[in-house]
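Trainee: below are the sequence and a predicted model for it; my questions follow.
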Protein chains: 2
Amino acid sequence: MPRARISRCDGACPVLRAVTILDGKWTLLILRDLLQGTRRFGELRRSLDGLSPRTLAERLRTLEREDVVTRRVYAEVPPRVEYTLTTKGRALAPVLEALGAWGSRWSTSSQRA
Amino acid sequence: MPRARISRCDGACPVLRAVTILDGKWTLLILRDLLQGTRRFGELRRSLDGLSPRTLAERLRTLEREDVVTRRVYAEVPPRVEYTLTTKGRALAPVLEALGAWGSRWSTSSQRA
């Protein structure tokens, strides 16, 4: 039962720990893109319509600090900056899969329980 | 492969649809609590340390509007208000489970990939 597995939430609740890192819509969409493979900063920016470059940079810094993403700068002109998921980041695939499955099944708000 | 299942993101990306509803840390924590069963407003408020009653009410209204949560008011003094997940809301259990599993496995930021 799902209920039993989630009921162990207390001061060290693993759901809380996870969502504290993943706070907000944009972080999950960044992860969605990076699960496809390494991306340049500009590629992420173009993919995430409505996200400012400043917020994108800030979210990527947080993910880097949490060891979810690695950042690599290539000494080119102009400099090329690429972002890749770490093992910890790739381990988020089941979360995004579950979100995608739910979004597919319950895509319209007119479907009532 | 997880990659194949997530790569179908386009204008109608199901991940986007899902996270648009679930934006923010607090919504996921509200869902975590409601997956345990029906909760009164005050119970949710006490459980979610740091969340203002105003924001809690706003998030619950959004979830109600999206048919994720039902709200029931009992004609008592003082009035009792209870929140319960709909079928659509209970279908989010796998998302919370995946988040919890990830939080358990990768709880400390010192674990490098």
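Mentor: Nice, thanks for sending it over.
Trainee: rest of the way, CA atoms for contacts and neighbours
Mentor: Fine.
Trainee: quick one: low-confidence parts of chain A?
Mentor: Chain A contains residues with pLDDT under 70 at A:1-11, A:108-113.
Trainee: hey, where'd the helices end up in it?
Mentor: Along chain A, counting by DSSP state H, helices occupy A:2-6, A:14-22, A:25-34, A:41-47, A:53-65, A:87-90, A:93-105.
Trainee: let's have these in TSV, adding distance to residue B:104 and mean neighbour count.
Mentor: TSV is the format used below for these (distance: least, C-alpha to C-alpha, whole Å; neighbours: other C-alpha atoms under 10 Å in any protein chain shown):
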stretch	distance to residue B:104	mean neighbour count
helix A:2-6	11	15
helix A:14-22	5	20
helix A:25-34	18	20
helix A:41-47	28	15
helix A:53-65	17	16
helix A:87-90	12	19
helix A:93-105	13	21
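Trainee: quick one: those helices as TSV, columns for distance to residue B:94 too.
Mentor: What follows is the helices of chain A, written out as TSV (distance: least, C-alpha to C-alpha, whole Å):
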stretch	distance to residue B:94
helix A:2-6	7
helix A:14-22	12
helix A:25-34	16
helix A:41-47	27
helix A:53-65	23
helix A:87-90	18
helix A:93-105	6
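Trainee: of all those helices, which one is nearest residue B:89?
Mentor: helix A:93-105 (9.6 Å; C-alpha to C-alpha).
Trainee: make TSV from the helices of chain A and add distance to chain B to it.
Mentor: TSV is the format used below for the helices of chain A (distance: least, C-alpha to the nearest C-alpha, whole Å):
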stretch	distance to chain B
helix A:2-6	6
helix A:14-22	4
helix A:25-34	5
helix A:41-47	10
helix A:53-65	8
helix A:87-90	5
helix A:93-105	4
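Trainee: out of the ones you listed, which is closest to residue A:76?
Mentor: Residue A:76 lies closest to helix A:41-47 among these, at 14.4 Å (C-alpha to C-alpha).
Trainee: now the closest one, how far from the chain's geometric center?
Mentor: Distance of helix A:41-47 from the chain centroid (C-alpha atoms, centre = their mean, to the nearest Å) equals 14 Å.
Trainee: what packs against it?
Mentor: strand A:80-85 (3 or more C-alpha pairs under 8 Å, 6 or more residues apart in numbering or on different chains; DSSP states H and E).
Trainee: need the residues that contact the strand it packs on.
Mentor: Here strand A:80-85 makes contact (C-alpha atoms under 8 Å, 6 or more residues apart in numbering or on different chains) with A:34-35, A:37-41, A:68-74.
Trainee: buried among those? Make that a ChimeraX selection.
Mentor: This is how ChimeraX selects the buried members of these, with burial counted by 16 or more other C-alpha atoms under 10 Å in any protein chain shown:
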select /A:34,35,38,39,40,41,68,69,70,71
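Trainee: which one of the helices of chain A lies nearest to residue B:53?
Mentor: Of all the helices of chain A, it is helix A:14-22 that lies closest to residue B:53, at 18.9 Å by C-alpha to C-alpha.
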